[in-house]
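Q: Provided below are the primary sequence and the corresponding predicted coordinates.
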Amino acid sequence: MQLVIVESPAKAKTIEKYLGKDYKVLASYGHVRDLPPKDGSVRPDEDFAMDWELYGDKQRQVKAITDAVKGADRLILATDPDREGEAISWHVRELLAKRKLLPKDVQRVTFNAITKETVTKAMTQPRELDQDLIDAYLARRALDYLFGFTLSPVLWRKLPGAKSAGRVQSVALRLIVDREREIEAFRPQEYWSVAALMAHDGTDFSARLVTFDGQKLDRLSLGDEGIAMRAKAAVEQGAFKVEGVETKPHRRNPQPPFTTSTLQQEAARKLGFSASQTMRVAQTLYEAGAITYMRTDGVQMDPSAISAARAAIADRFSGHYLPEQPRHYSTKAKNAQEAHEAIRPTEFTRDKFGSGDEAKLYDLVFKRAMASQMASAALERTTITLRDGTGRNELRASGQVVKFPGFLAVYEEGQDNKADEEDSGLLPFMKAGDMPAKKDVSAEQHFTQPPPRYSEASLVKRMEELGIGRPSTYASTLQVIKDRNYVRTEKNRFFAEESGRLLTSFLERFFPRYVAYEFTAGMEDELDDVSGGRQEWKALLEAFWRDFKPKSDEVMEKKPSEVTEALDEFLSDYLFPPKDDGSDPRLCPKCGEGRLSLRGGRYGAFIACSNYPECKFTRKFAQPGGANEGGEDEGLGQDPETGMDILRRAGRFGPYIQLGEGKEAKRASIPKDIDELNLEWAIKLLSLPRTVGPHPESGKDITASIGRYGPYLAHDGKYARLRSTAEVFDTGMNAAVSLLADAANRGGAGSRTAAEPIKVLGMHPTNGGEMKVMAGRYGPYVTDGTTNATLPRDQKPEDLTAEQATVLIDEKAAKGPAKGKKKPAAKKAAPAKKAPAAKKAPAKKAATKKPAAKKAAKPKEAAE
């Protein structure tokens, strides 16, 4: 018997079907062991010795592998064809060798698509484990451990509120924070544009002013309304004649097939997927044999796949759409060992696959791969120049037409920030000397815009450009900074939170080298050299540790007050920008004597007065000095009902509004999505909760309000989330009833909140219940509506497959009956407490069973 080890049960099931009876295929369910999350797991003083610990929830999988290997003549390690796949194979081999169960014949097999032809061919071409890739994995794992476990304790003690730092995640966070700083430093500049709406042969077109009074105009030339109006008048008064027509052909070539990063970018643009969602769906498609391996930086397709793509193109389109020669693309990857084939469909005869998200992503992969082998698009760009009688004013009209669509008939790449599309329109046929009719002239005011905040697509693109991280790690890196609440996303854009900004400032001040883009990119290059066999992995670790450890020790020895003082100076321009009136920006606005400075507290950093405790002025760290200080209460107006003043105040945890004084005062926090607080908004916020009206079925009131976790609706113990503060006041009865019904369906009839599943996995193959991954009080779990099963510690909820879920639910259900018998005993014990005093003894006896019942219930509590 030949034993084959792969990562996932779905992959195992498919491959075993391809290989036949002589093979047994088992899944490791990902990594089987890791560095224990404690000090000393990597020991630099012992030549970087590393301790490994078996995951507690992998005992069953490991036992199945060790039992099966005893009867195996050959062990085939067929994990994924990348660094992580090589590492999993290495861990399995080392684990079996340690237990003296390793067969004499151990081989490594890789394939980048799960099809019968690919898998059976790979089995005839085994190789040894790639030690260079294993060394690269060990170096990365040790680096990340040493960085995190050395720096995180420094953060906990010196920077209250900070949670962790990571070698790549901290640099990704810095990109977001740097963009936030650019936006804050940006000063909009006014400019105007003048355009004429013209017509010729019944076709309207627009022509913009490009030369005024003999001077060529750039974007900012018309800087105010005065000059814009003069330019408009000149166009209105002028008689414009066609001076010249220029037509140029233009060709657009298709993009190569997807790599990991370009797939993440395009799925974000076109489908609105996060990077982690894209990789989760791609994993499902790969394991189903629909696409090739999805972690790759290669852009070339296999020759047989190119032939299949060309055949599919010839079958669907006329001969003009197929170029004479196949297209070949070259990769920019620096590490050839990690540059595999591009992501493509396994069969070009199948243009659709799956349903829902899987179908959407497959469609993207299929069309991009097919388009990559199609003919170029032929376009024609036309530019018409019009000049008035004085010769000192010129208009220009531009247009573009597609003469032959080529690959555009199948696929066009999306854009992060769409440019001006003025060249995309059609122009009427004109020649020199023509005088098109002038229908209207407009002058429009504009303001320059700050650089846009990063979306997941543009951030991934920027990280790849800088060489930060590697495509296979982008999804997990972005997920970490979101999970740590260092950033938030609004309308698919990243915003730096207070904690993320403070952490970045701390690292820039005390560890500038290790959050420098060049250093992180250089480290990635060195790790690539390790995987390519060009550098020794322990030498890389030694060079890193030699500088990093003394630096972290130096910062650890500093007093928290010294750290705060250094950050106060480092952030001075942001926290205390110059005031328009030239007064001291650090002067306390409340007492008028003390000076403001950064302080560290139990819940993070804040601004306080030096005259504390006499002066209790405070301000949030994230509220720059240029904003309303809130030291002096700001009067917003009078409440129309009571006649009392409504004040805007600054509290330790942010600004709030107050009506009245003392215990009877009404207060309300100011939501972040209110840009400009005024009296009208203040009255609305203080009036909450708002009664929407009686529910048409129960007759009980539906209310709308704002709670700890944001705006929500409430009715008879059931809740539904609202998207914004405005909806608290705008949601009507019909919408409220619908939202509450949707929330109840998602979270169960009696659920307190609208519990949305992390992932829906389909129907359970045996009982037919819908399997969903949910976020529970004690961690994520999977349920079929009857049985709840806790996810393994190393299992990411988003990556759980239907097969894994089925196994977890079935195992949990199998254990259920034995523990279920103990629960009634606990329930019977309860009435005994209500018995007369004479029967106390039996009651005590019954009560002794209670601890056992509680103990039996613990696994279920953990599962929930």
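A: The structure has been received and is ready for your questions.
Q: switch to C-alpha atoms for all contacts and neighbour counts from now on
A: Will do.
Q: Ranking helices and strands of the protein by mean pLDDT, which lands last?
A: Least confident helix or strand, the chain: helix 849-863 with a mean of 38, by mean pLDDT, DSSP states H and E.
Q: Can I get stretch 591-609 in CSV, CA atoms only?
A: Once non-C-alpha atoms are left out, stretch 591-609 reads as follows in CSV (Å, rounded to 0.1, in the frame of the first residue of the first chain):
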residue,chain,number,x,y,z
CYS,A,591,-7.3,76.9,32.6
GLY,A,592,-5.3,79.1,30.3
GLU,A,593,-2.1,78.4,32.3
GLY,A,594,-1.1,74.8,31.9
ARG,A,595,0.6,73.2,28.9
LEU,A,596,-0.9,70.3,26.9
SER,A,597,1.2,67.2,26.4
LEU,A,598,0.8,63.5,25.5
ARG,A,599,0.0,61.2,28.4
GLY,A,600,-0.2,57.4,28.7
GLY,A,601,-3.2,55.8,30.4
ARG,A,602,-4.6,52.4,31.1
TYR,A,603,-6.7,52.5,28.0
GLY,A,604,-4.2,54.2,25.7
ALA,A,605,-2.8,57.7,25.0
PHE,A,606,-4.5,61.0,25.5
ILE,A,607,-3.8,64.7,25.8
ALA,A,608,-3.9,66.3,29.2
CYS,A,609,-3.1,69.6,31.0
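Q: can you give me the strands for the stretch 151-300 of the chain?
A: Taking DSSP state E, counting those that start in this stretch, the strands of the stretch 151-300 of the chain run over residues 190-200, 203-212, 215-216, 241-252.
Q: whoops, the stretch 401-550 of the chain was the one
A: 437-447, 487-490, 493-496.
Q: what's the most buried one of the ones you listed?
A: Most buried of the strands of the stretch 401-550 of the chain, by mean neighbour count (mean count of other CA atoms under 10 Å): strand 493-496, with a mean of 22.
Q: can you list the residues that contact that one?
A: The contact list for strand 493-496 (CA atoms under 8 Å, 6 or more residues apart in numbering) reads Leu173, Ile176, Val177, Glu180, Arg453, Tyr454, Ser455, Glu456, Tyr486, Val487, Arg488, Thr489.
Q: Export those residues as JSON lines, with columns for distance to Val210.
A: Compiled in JSON lines, these are given as follows (distance: CA to CA, whole Å):
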{"residue": "Leu173", "distance to Val210": "42"}
{"residue": "Ile176", "distance to Val210": "37"}
{"residue": "Val177", "distance to Val210": "38"}
{"residue": "Glu180", "distance to Val210": "34"}
{"residue": "Arg453", "distance to Val210": "31"}
{"residue": "Tyr454", "distance to Val210": "33"}
{"residue": "Ser455", "distance to Val210": "34"}
{"residue": "Glu456", "distance to Val210": "37"}
{"residue": "Tyr486", "distance to Val210": "46"}
{"residue": "Val487", "distance to Val210": "43"}
{"residue": "Arg488", "distance to Val210": "42"}
{"residue": "Thr489", "distance to Val210": "40"}
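Q: ok, so of those, who is nearest Asn745?
A: Thr489 (26.2 Å; CA to CA).
Q: how close does that closest one get to Thr260?
A: The gap separating Thr489 from Thr260 is 22 Å, by CA to CA, to the nearest Å.
Q: Wait, a strand at Asp144?
A: No: applying DSSP: H, G, I helix; E, B strand; the rest coil, one finds Asp144 to be helix, outside a strand.
Q: Can you tell me how far it is from Ala275?
A: Distance from Asp144 to Ala275, by CA to CA: 21 Å.
Q: so who does Phe258 touch?
A: Residues near Phe258 by CA under 8 Å, 6+ apart: Val299, Ala342, Ile343, Arg344, Val365, Arg368, Ala369.
Q: For it, give me the pLDDT.
A: Confidence at Phe258, expressed as pLDDT, is 94.
Q: For it, list each beta-bridge partner.
A: Ile343 (DSSP bridges).
Q: filter the contacts of strand 493-496 to the buried ones?
A: Buried by 16 or more other CA atoms under 10 Å: Leu173, Ile176, Val177, Glu180, Arg453, Tyr454, Ser455, Glu456, Tyr486, Val487, Arg488, out of the contacts of strand 493-496.
Q: what number of residues lie near the closest residue to Phe519 other than its chain neighbours?
A: Distance criterion CA to CA, 6 or more residues apart in numbering; nearest residue to Phe519, sequence neighbours excluded, is Arg513 at 6.6 Å. For Arg513, the number of neighbouring residues by other CA atoms under 10 Å comes to 14.
Q: My read is that Pro655 contacts Ile670, right?
A: Yes: Pro655 is in contact with Ile670 according to CA atoms under 8 Å; the separation is 6.1 Å.
Q: which ones are touching Ser276?
A: Ala475, Ser476, Gln479, Glu798.
Q: When you filter those down to buried only, what's left?
A: Buried members of the contacts of Ser276, scored by 16+ other CA under 10 Å, are Ala475.
Q: So for the helix or strand hosting Arg310, mean pLDDT?
A: Taking DSSP states H and E as the criterion, Arg310 maps to helix 303-316. Computed over helix 303-316, the mean pLDDT rounds to 93.
Q: the inter-axis angle of the helix or strand following it versus helix 303-316?
A: Once the chain leaves helix 303-316, the next helix or strand it forms, by DSSP H and E, is helix 356-371. Helix 356-371 and helix 303-316 are oriented at 90 degrees to each other (axes from the mean of the first three to the mean of the last three CA atoms, to 10 degrees).
Q: contact partners of helix 356-371?
A: The contact list for helix 356-371 (CA under 8 Å, 6+ apart) reads 254-258, 263, 267, 271, 278, 281-282, 284-285, 290-291, 309-310, 313, 343-345, 348, 351-353, 407-408, 410-411.
Q: Now a PyMOL select for only the buried ones of the residues you listed.
A: Those of the contacts of helix 356-371 that count as buried under 16+ other CA under 10 Å are selected in PyMOL with:
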select buried, resi 254+255+256+257+258+263+267+278+281+282+284+285+290+291+309+310+313+343+344+345+348+353+407+408+411
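Q: what mean pLDDT does stretch 91-100 have?
A: 93.
Q: oh sorry, the question was meant for stretch 697-709
A: What stretch 697-709 shows for mean pLDDT is 88.
Q: Can you name the residues in contact with it?
A: Stretch 697-709 is contacted from outside by 688-695, 711-716, 725, 728-729, 736, using CA under 8 Å, 6+ apart.
Q: which of the residues in it are buried?
A: The neighbour-count check on stretch 697-709 (16+ other CA under 10 Å) flags Ile702, Thr703, Ala704, Ser705, Ile706 as buried.
Q: Return the member of the residues you listed nearest to Ala87.
A: Nearest to Ala87, judged by CA to CA, of the buried residues of stretch 697-709 is Ile706 at 48.5 Å.
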